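Colleague: Sharing a model that was predicted from the sequence below.
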Amino acid sequence: MEKNARGYVQESYTALNEAKACLQNALDSVEKGSNRERIEKSLQAVNQALNECGQTANVLEQV
């Protein structure tokens, strides 16, 4: 069966959650300060994308 938009959004949400966990692990193990800042920025961006994707998933579930 072919995925619809909701299926793709849910898949993206799952992938973003995995990316968040990986970045958190990277943050927990980083030693260099400048690298920590870059990872923190990446983590913030993923969190923002996760929030947007979650809102989109909620809207699509209501349709």
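Modeller: Okay, I see it.
Colleague: How about the contacts made by Met24?
Modeller: Actually, residue 24 is Gln. It isn't Met. Listed by C-beta atoms under 8 Å, 6 or more residues apart in numbering, the contact set of Gln24 reads Leu43. Just so you know, the C-beta spots here come from the backbone N, C-alpha and C atoms, and that holds for glycine as well.
Colleague: Would you check how far apart it and Val46 are?
Modeller: 10 Å (C-beta to C-beta, to the nearest Å).
Colleague: Tell me which helix or strand the residue nearest the centre of the chain sits in.
Modeller: Centroid-nearest residue in the chain: Leu16, 2.6 Å away (criterion: C-alpha atoms, centre = their mean). Secondary structure assigned from DSSP states H and E places Leu16 in helix 5-29.
Colleague: Also Leu60?
Modeller: Short version, using DSSP H and E: Leu60 is in helix 33-62.
Colleague: In that helix, which residues are buried?
Modeller: Going by neighbour count (16 or more other C-beta atoms under 10 Å), the buried part of helix 33-62 is Ile39, Ser42, Leu43, Val46, Ala49, Leu50, Cys53, Thr56.
Colleague: quick one: low-confidence parts of this structure?
Modeller: In the predicted model, the chain carries pLDDT under 70 at residues 1.
Colleague: now do 90
Modeller: 1-3, 61-63 (pLDDT under 90).
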